[in-house]
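*Asks:* sequence-free structure coming up:
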């Protein structure tokens, strides 16, 4: 059974940076597309970034494009989300997700593509 564990969240000032990490276990990591979603208080969980199983394609929400970068290290069964130039509106719980698929966009930009989720890590950006 696939398990995902996020780490790296915390409190940061606006303009700062954080790197989130997601450790994958219980499956063949290289066969999975990986995504990051976030959920702010009182709002729905929304797409942030995704990377295909082969790393050939990476996708970003418009709100984070140019500031966030997703990558994967297959040798370490890890997916990373580098977040730069953070804004208060980036404050949310960030979730890592895994999808056993070779499909790309638009499928892996949707929540329904993913049936494996981490517990989430809080990111708070102060003014």
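*Replies:* Everything's here; your move. All values reported here derive from a predicted model rather than from experimental measurement. Numbers count the residues shown, from 1 in each chain.
*Asks:* going by C-alpha atoms from here, please, whenever you check contacts or count neighbours.
*Replies:* Noted.
*Asks:* got the contact list for the closest residue to residue 54 other than its chain neighbours?
*Replies:* Excluding its sequence neighbours, the residue lying closest to residue 54 (CA to CA, 6 or more residues apart in numbering) is residue 30, at 7.1 Å. Shown in contact with residue 30 (CA atoms under 8 Å, 6 or more residues apart in numbering): 53, 54, 74, 77.
*Asks:* which of these has the largest number of neighbours?
*Replies:* residue 53 (22 neighbours; other CA atoms under 10 Å).
*Asks:* so the residue nearest to it when sequence neighbours are not counted bridges to which residues?
*Replies:* In space, residue 53 comes closest to residue 33 once its chain neighbours are excluded; the distance is 4.4 Å by CA to CA, 6+ apart. Residue 33 has these beta-bridge partners by DSSP bridges: residue 99.
*Asks:* my read is that residue 33 contacts residue 50, right?
*Replies:* Yes: between residue 33 and residue 50 there is a contact at 7.3 Å, judged by CA atoms under 8 Å.
*Asks:* now the common contact residues for those two.
*Replies:* Joint contacts of residue 33 and residue 50 (CA under 8 Å, 6+ apart) are residue 108.
*Asks:* what about the two, which has more around it?
*Replies:* Counted by other CA under 10 Å, residue 33 and residue 50 do not tie: residue 50 has more neighbours, with 30 against 26.
*Asks:* so the nearest residue to that one once chain neighbours are set aside: helix, strand or coil?
*Replies:* Leaving aside its chain neighbours, residue 50 sits nearest to residue 35 (4.1 Å; criterion: CA to CA, 6+ apart). Applying DSSP: H, G, I helix; E, B strand; the rest coil to residue 35 yields a three-state assignment of strand.
*Asks:* residue 35: neighbouring residues, count only.
*Replies:* 31.
*Asks:* for it, give me its contacts.
*Replies:* So residue 35 contacts 47, 48, 49, 50, 51, 96, 97, 98, 108, 109 (CA under 8 Å, 6+ apart).
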